[in-house]
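Asker: next comes the sequence, and after it the predicted model I'd like to discuss.
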Amino acid sequence: MAYASLATGVLLAAGFGSRFDPDGLRNKLLACMPDGTPVAHEAAHRMLRVVSRVVAVVRPGSDALARLLNDAGCDVVFTANAERGMGASLAAGIEASAEAEGWIVALADMPRIAVTTIETVARALDGGALIVAPFYQGQRGHPVGFGIAHREALLSLDGDTGARSLLMSQSVMRLDVDDPGILRDVDTPEDLHNL
């Protein structure tokens, strides 16, 4: 483990990935990157190098993904509210780890976030920051850290905007990082190929 954070990781893996496969036959999170590692496994592995617990949120029926994430070391939580959007999925992850002292939230389709970036976010959060976000060339990315003071606000999230409203309404500690991985997600087969 690079750095043992006090925070709990929340890995959001409940999306439908319709841009990756409009027919819904292939789950992008199970797709393999050029080195043969499944996308979600790599995202989980990187997070687990910094935090001791990662709660992975998946939708019902995603049994193969749940097994993969469980094998990677995550605690898997199914949420029937996944169709309501990222906010509902994030709330489910917070509820499943309500005893946590803080949360580092990442997306399972972002397997190229540098471990050093996750560690930088974790150190700031553990140091008392209430909300922490990495920025690359002026753009905010993931993972985002939330302190315990935001537990109730996170639990009340719903819809598809995730924690965007919280990030816009509160003071965010900005961490400038040299890590394009904080912006690179896998939305299409071309994105996967370009990893």
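Answerer: Arrived safely, thanks for sending. Numbers count the residues shown, from 1 in each chain.

Asker: list the contacts for the residue nearest to the spatial centre of the chain?
Answerer: Here the mean C-alpha position of the chain is nearest to the C-alpha of Ala106 (CA atoms, centre = their mean), at a distance of 1.6 Å. With contacts defined as CB atoms under 8 Å, 6 or more residues apart in numbering, the neighbours of Ala106 are Gly9, Val10, Leu11, Leu12, Ala43, Met47, Ile113, Ile118, His142, Pro143. C-beta here means a position set from N, CA and C on the backbone, and glycine is covered the same way.

Asker: kindly report the same for Ser156.
Answerer: For Ser156, the set of contacting residues under the criterion of CB under 8 Å, 6+ apart consists of Ala91.

Asker: which residues touch stretch 125-143?
Answerer: In contact with stretch 125-143 (CB under 8 Å, 6+ apart) are residues 5-7, 9, 47, 102, 104-107, 110, 113, 117-118, 120-121, 124, 144-147, 149-150, 166-167, 170-183.

Asker: could you verify my assumption that Cys74 touches Val51?
Answerer: No - Cys74 is beyond contact range of Val51, at 10.5 Å (criterion: CB atoms under 8 Å).

Asker: returning to that earlier point: could the contacts of Ala106 go into CSV alongside distance to Leu157, pLDDT and secondary structure?
Answerer: As requested, the contacts of Ala106 are arranged in CSV below (distance: CB to CB, whole Å; pLDDT from 0 to 100; DSSP: H, G, I helix; E, B strand; the rest coil):
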residue, distance to Leu157, pLDDT, secondary structure
Gly9, 17, 98, strand
Val10, 11, 98, strand
Leu11, 16, 98, strand
Leu12, 11, 96, strand
Ala43, 21, 98, helix
Met47, 20, 97, helix
Ile113, 22, 98, coil
Ile118, 22, 97, helix
His142, 16, 96, coil
Pro143, 16, 98, coil
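
Asker: out of those, the closest to Ala88 would be?
Answerer: Of all the contacts of Ala106, the one sitting nearest Ala88 is Leu12; the distance, using CB to CB, is 10.4 Å.

Asker: list the contacts for that closest one?
Answerer: Neighbouring residues of Leu12 by CB under 8 Å, 6+ apart: Val57, Met86, Ser89, Leu90, Gly93, Val105, Ala106, Leu107, Ala108, Gly162.

Asker: same thing with Gly181?
Answerer: With contacts defined as CB under 8 Å, 6+ apart, the neighbours of Gly181 are Met110, Arg112, Ile113, Ala114, Thr117, Gly141.

Asker: considering those residues, which possesses the most neighbours?
Answerer: Ranked by the number of neighbours (other CB atoms under 10 Å), the contacts of Gly181 place Ile113 first, at 27 neighbours.

Asker: measure the nearest residue to that residue once chain neighbours are set aside to Phe16 for me?
Answerer: Spatial nearest neighbour of Ile113, chain neighbours left out: Gly181 (4.4 Å); criterion: CB to CB, 6 or more residues apart in numbering. Taking CB to CB, to the nearest Å as the measure, Gly181 falls 23 Å from Phe16.
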